[in-house]
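Asks: this is the structure alone, sequence omitted:
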């Protein structure tokens, strides 16, 4: 366990605070007893006790790491710590005894031991109980700090693992969407070729190429700016207009202050595809598809609506939801938790609307969490 400047500084500050508090208590006690000494002398008498124990912290910390007190090893660990605590206790007493003349003069033992060695041994024995208490307190604090550090490390590792799993799940969901979209687009090209509409088929293939280039360029991003997502959808709808030249009208209305908002990558494509499949492809008349986006009290609302046949009656949700919509719902929940919604609405006199509501952000979640 490294002992850098921050930790040494913390030891010094803690020793100083404890020493001053103890000196103040001793000074007050002696004044009450009528034998009060100057505060400076009391501080010089008491402070070395705490500074020496601060100096002993590195070997105690090393022993705490080497011999943790765990179930099944208590006797052996206690003996190991006693083997360090007793020498440190005697060393502490010897240093104070040698460095503080007033202490040597004030401590007396029996006449037979009234010499330097006798006084030192007596002083060390006198202080041993409080030294063992201090050693145990330092050991306990060390165990608590080490446990907290390991707990934080485990929590950090768990959070990182959860993030990695979430990213992997989102990537898996996107991988389900892209082949589905590609299949539908290529099927549209095949239909145009069979109908000998070669010019439209070529334009559609060129549009598919542009879309695939976008998907590859943005594949590593969890979120993109709304304007990029709208650009992608506009290209996608150009392809669909080639399939339905007389039956699909498109209007995109995005509030300018919402264009920089972040949205999940490729989140609109399955919703728009669903609207075309159920609102345009199932009946022969022209259908209008409208995409709007606006900021509303800290949230971003993106709506896709059409004036097709709708969901039927007063249903608030399609009777059957495809893989694309289910994956969209799962991605929103994975990214934003409960702070999102995907709602369906039947319009009057006909039509349907799907609204995505997510937090309005222009900074990625990973930067906000730092």
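Replies: Perfect, I can see it now. In this text, all values refer to a predicted model and were calculated from it rather than measured experimentally.
Asks: what's the first helix or strand after the longest helix seen in the chain?
Replies: Counting residues, the longest helix in the chain under DSSP state H turns out to be helix 116-194. Next helix or strand after helix 116-194 toward the C-terminus (DSSP states H and E): helix 198-217.
Asks: could you spell out the sheet neighbours of whatever helix or strand comes next after that next one, each with its direction?
Replies: Counting by DSSP H and E, the element after helix 198-217 in chain order, helix or strand, is strand 223-225. Strand pairing for strand 223-225, determined by DSSP bridges: strand 262-264 (antiparallel).
Asks: how far off centre is the strand it pairs with?
Replies: Between the centre of strand 262-264 and the centre of its host chain there is 19 Å, according to CA atoms, centre = their mean, to the nearest Å.
Asks: likewise for stretch 85-102?
Replies: Using CA atoms, centre = their mean, the offset of stretch 85-102 from its chain centre is 48 Å.
Asks: equivalent analysis for stretch 263-275, please.
Replies: 28 Å.
Asks: residue contacts, the closest residue in space to residue 132 that isn't next to it in sequence?
Replies: Distances taken as CB to CB, 6 or more residues apart in numbering put residue 85 closest to residue 132, at 5.7 Å, once the chain neighbours are dropped. Just so you know, the C-beta spots here come from the backbone N, C-alpha and C atoms, and that holds for glycine as well. Going by CB atoms under 8 Å, 6 or more residues apart in numbering, residue 85 touches 131-132, 135-136.
Asks: the helix or strand where residue 85 lies vs helix 116-194, what angle?
Replies: Residue 85 belongs to helix 74-99 when assigned by DSSP H and E. Put simply, helix 74-99 runs at 130 degrees to helix 116-194, going by axes from the mean of the first three to the mean of the last three CA atoms, to 10 degrees.
Asks: buried sites along helix 74-99?
Replies: Within helix 74-99, the residues scored as buried using 16 or more other CB atoms under 10 Å are 77, 81, 84-85, 88-90, 92-93, 96-97.
Asks: again, but for stretch 237-252
Replies: Buried residues in stretch 237-252, counted by 16+ other CB under 10 Å: 237-243, 247-248, 250.
Asks: and residue 96, how far from residue 271?
Replies: For residue 96, the distance to residue 271 (CB to CB, to the nearest Å) stands at 78 Å.
Asks: just the buried ones out of the contacts of residue 85, please.
Replies: Using 16+ other CB under 10 Å, the buried members of these are 131-132, 135.
Asks: would a markdown table of those with distance to residue 225 and pLDDT be doable?
Replies: Putting these into a markdown table (distance: CB to CB, whole Å; pLDDT from 0 to 100) gives the following:
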| residue | distance to residue 225 | pLDDT |
| --- | --- | --- |
| 131 | 65 | 81 |
| 132 | 65 | 86 |
| 135 | 60 | 84 |
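Asks: give me the neighbour count for residue 214.
Replies: 19 (other CB atoms under 10 Å).
Asks: I figured it hits residue 235, correct?
Replies: Yes. With contact defined as CB atoms under 8 Å, residue 214 counts as touching residue 235 (7.3 Å).
Asks: what about stretch 278-293, how long is it end to end?
Replies: Distance between the two ends of stretch 278-293: 22 Å, counting by CA to CA, to the nearest Å.
Asks: ok, residues contacting that stretch?
Replies: Residues contacting stretch 278-293 (CB under 8 Å, 6+ apart): 226, 230, 233, 237, 240, 244, 246-255, 258, 261, 268, 272, 275-276, 300-310, 318, 351-352.
Asks: only whichever of the residues you listed are buried, select them in PyMOL.
Replies: In PyMOL syntax, the buried subset of the contacts of stretch 278-293 is picked out as below (16+ other CB under 10 Å):
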select buried, resi 226+230+233+237+240+247+248+250+254+258+261+268+272+275+276+300+301+302+303+304+305+306+307+308+310+318+351+352
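Asks: which of the contacts of stretch 278-293 fall in helices?
Replies: 226, 230, 233, 237, 240, 272, 275-276.
Asks: which one of those is nearest to residue 186?
Replies: residue 240 (13.5 Å; CB to CB).
Asks: looking at the closest one now. What's its pLDDT?
Replies: Note on residue 240: pLDDT of 82.
Asks: wait, what's in contact with it?
Replies: Counting by CB under 8 Å, 6+ apart, residue 240 touches 188, 248, 276, 280.
Asks: dump the residue contacts of the nearest residue to the first one once chain neighbours are set aside.
Replies: So that's residue 188. Closest residue to residue 188 apart from its sequence neighbours, by CB to CB, 6+ apart: residue 243 at 4.8 Å. Counting by CB under 8 Å, 6+ apart, residue 243 makes contact with 188, 191-192, 204.
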